[in-house]
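A.B. asks: Fold the following and give me the result.
(one chain, ligands or ions: 1)
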Amino acid sequence: MSRTLIVGGGIAGLTAAWDLAGADRAVTLVESADRLGGAVGVHHLAGLAVDAGAEAFATRSTAVPRLVEELGLQSAIVEPRPDGAWLRLPDVAAPMPPTGILGIPADPHGEEVVRLIGAEAAALAAQDLTADVAAWRGREGVTLGEVVRDRMGEAVLERLVTPIVSGVHSARADDLDLETAAPGLFAAMLREGSLARAVAAVKAQAPAGSAVQSLHGGLNTLIAAFAEQLPRRGARGVDVRLGRRVDSLPVLLTELAEEDAGPVTDVVLAVDAPTAARLAGGLVELPDAGEHDGDDGRTGGRQADGDDGRDAPRAGRGVALVSMVLDAPELDGRPRGTGMLVAPSTPGVAAKAMTHASAKWEWLDAACGPGRHLVRLSYGRVTDVPGSGVLGFASSDEELLAAAAVDVGALFDRSIAAEQILDADVVRWQKALPRSAAGQAGQIERLRAGLREAPADPAAGLPRLHAAGSWFAGTGLARVVPDARAVAGEILAT
Ligand SMILES: Cc1cc2nc3c(=O)[nH]c(=O)nc-3n(C[C@H](O)[C@H](O)[C@H](O)COP(=O)(O)OP(=O)(O)OC[C@H]3O[C@@H](n4cnc5c(N)ncnc54)[C@H](O)[C@@H]3O)c2cc1C
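C.D. replies: Numbers count the residues shown, from 1 in each chain. Reported below is the predicted structural model:
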């Protein structure tokens, strides 16, 4: 009886395990943390269990809703309140233009656009509607930054796009491959003859309703469902082993062979790419994945997704999140919608984004109780220079908590006293954030191909190797889930 070994119990590993066990394959899943879920984490504040990492999934594909349904959670699917988020710029705070993609407006003349960038810059951006796109034809690998700058000008890039790209995607617009960041947008621009019309066209193709959904109780309830159901999934159930960090595949494979539970024919490395390369390198020879680098220093505190990330390909700089429960009835009116994205160099605010989580999700509002609110502030931009004293991933809990206490008042434009903060917690993420720099995509593709083509002889104890997860599929559940299912499909086909 053959079995599959899955290393990593994030959403990728869990999804692959779900499909393999569902087809009655024997599966052993090994996770270093003492809980499943990886970047779909949970923490507890003021008696509430709330998402500590990912909090929603994109609805542009049906992949995640389908999985949610298979786990029996379809009735728990919720949509955010439609309020939308705000932008905080150095000189103005206003709601974000409602019809944009990554901050690129579909209507450069729109009222919200003019309010945020001014009439002159809006008129410049509107030249996109008539300027020829011919110079872009035949171009490949273009970045979000260069296209926006050329078509709509620096103000749209700096004031509308950068806060979103840096706050939500932890990336720099000039580093982000446009096709990866907004699939189909570049082709639509060439077709429509305008970036704004391309945004409108791509938006029109999106399914009706909210762009994201989540689950009543938080996305972490999906992980709880996996944890409960996987051990009895299919004829064999998944053998889940928590608290076991894999440092050497040969050592683990030898251990498993001694258990007499059947030879491991396939290994799914559902971990970050540096770890996947290191683990696979202990078993087979791989093409060189790149150079070492050590600019990810941090001091103290708790990191939710493991340490280091110094091998290549590299992790992004990492983010630190501060969640707080506030006793603040003055926020009942949701004065900043579902939250705020903050432009770099905004005086008096160190955070790059704030989610007013209890304004965004009705169930959470009810769970918090009257007058109480849950907010989450994030720190650490890709543009920060390590060691420059800017608050981020490497800052201590004390520094982050003190900054968040000030920032929350500045962002809501209301004074929030220290005694109104009923509870607070800091979580750090690094490995869950692949570096988006140009060139990394090629490195990752080479690594995945190297794993696929590595010599394998399952009968002689050398299993086939597979990679899954956000480093290989792209960030976000909507990318990770279908990719992990495809990997499971490949294994089932052999
Ligand atoms: C703060 C934050 C917010 C996000 N928000 C959203 C969102 O709202 N919507 C969305 O779609 N996406 C969001 N994302 C992205 C999304 O969470 C990730 O793309 C996705 O969860 C990655 O899943 P994964 O299984 O590939 O990796 P991970 O979740 O990172 O899982 C990898 C697992 O492997 C384990 N592991 C690593 N090394 C070893 C080892 N040597 N031995 C054993 N186990 C090991 C880790 O402990 C971890 O559990 C967010 C990410 C972060 C960090």
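A.B. asks: For the stretch 151-300 of the chain, which segments count as strands?
C.D. replies: 212-215, 238-241, 264-269 (DSSP state E, counting those that start in this stretch).
A.B. asks: Any idea which of these gets closest to residue 475?
C.D. replies: Closest to residue 475 of the strands of the stretch 151-300 of the chain is strand 212-215 (Cβ to Cβ; 13.7 Å). No exception for glycine: its C-beta is placed from N, CA and C like everyone else's.
A.B. asks: Which strands and helices lie in contact with the closest one?
C.D. replies: strand 57-58, helix 63-70, strand 77-78 (3 or more Cβ pairs under 8 Å, 6 or more residues apart in numbering; DSSP states H and E).
A.B. asks: returning to what we had before: which one of the strands of the stretch 151-300 of the chain is the most hemmed in?
C.D. replies: Ranked by mean neighbour count, these are led by strand 264-269 with a mean of 26 (mean count of other Cβ atoms under 10 Å).
A.B. asks: now that strand: mean pLDDT?
C.D. replies: If you average the pLDDT over strand 264-269, you get 97.
A.B. asks: quick check, it touching the ligand?
C.D. replies: No - taking Cβ under 6 Å from any ligand atom as the criterion, strand 264-269 and the ligand are apart, separated by no less than 8.9 Å.
A.B. asks: how about the closest residue to residue 192 other than its chain neighbours, what does it touch?
C.D. replies: Beyond its immediate neighbours in the sequence, the residue positioned closest to residue 192 (Cβ to Cβ, 6 or more residues apart in numbering) is residue 198, lying 4.9 Å away. By Cβ atoms under 8 Å, 6 or more residues apart in numbering, the contact set of residue 198 is 185, 186, 188, 189, 191, 192.
A.B. asks: among the helices and strands packed on strand 212-215, which is nearest residue 114?
C.D. replies: Nearest to residue 114, of these and by Cβ to Cβ, is strand 57-58 at 28.9 Å.
A.B. asks: May I have the strands that pair with the closest one, each with its orientation?
C.D. replies: Here strand 57-58 is paired, per DSSP bridges, with strand 212-215 (antiparallel).
A.B. asks: So what touches the partner strand?
C.D. replies: 55-59, 64-65, 68, 73, 76-80, 221-222, 361.
A.B. asks: How about the residues of the stretch 151-300 of the chain by the ligand?
C.D. replies: 245, 246, 270, 271, 275.
A.B. asks: is the nearest residue in space to residue 221 that is not next to it in sequence in a bridge, and if so with what?
C.D. replies: Once flanking residues are discounted, residue 221 sits nearest to residue 215: 5.0 Å by Cβ to Cβ, 6+ apart. Under DSSP bridges, the beta-bridge partners of residue 215 are residue 77.
A.B. asks: now residue 215: how far from the ligand?
C.D. replies: With distances taken as Cβ to the nearest ligand atom, to the nearest Å, residue 215 is found 12 Å from the ligand.
A.B. asks: ditto for residue 486
C.D. replies: Using Cβ to the nearest ligand atom, we find residue 486 at a distance of 14 Å from the ligand.
A.B. asks: so which strand or helix has that residue?
C.D. replies: Using DSSP states H and E, residue 486 falls within helix 477-493.
A.B. asks: how far does that helix sit from the chain's center?
C.D. replies: Distance of helix 477-493 from the chain centroid (Cα atoms, centre = their mean, to the nearest Å) equals 18 Å.
A.B. asks: Next, the buried residues of it.
C.D. replies: By 16 or more other Cβ atoms under 10 Å, the buried positions in helix 477-493 come out as 477, 478, 479, 480, 481, 482, 483, 484, 485, 487, 488, 491.
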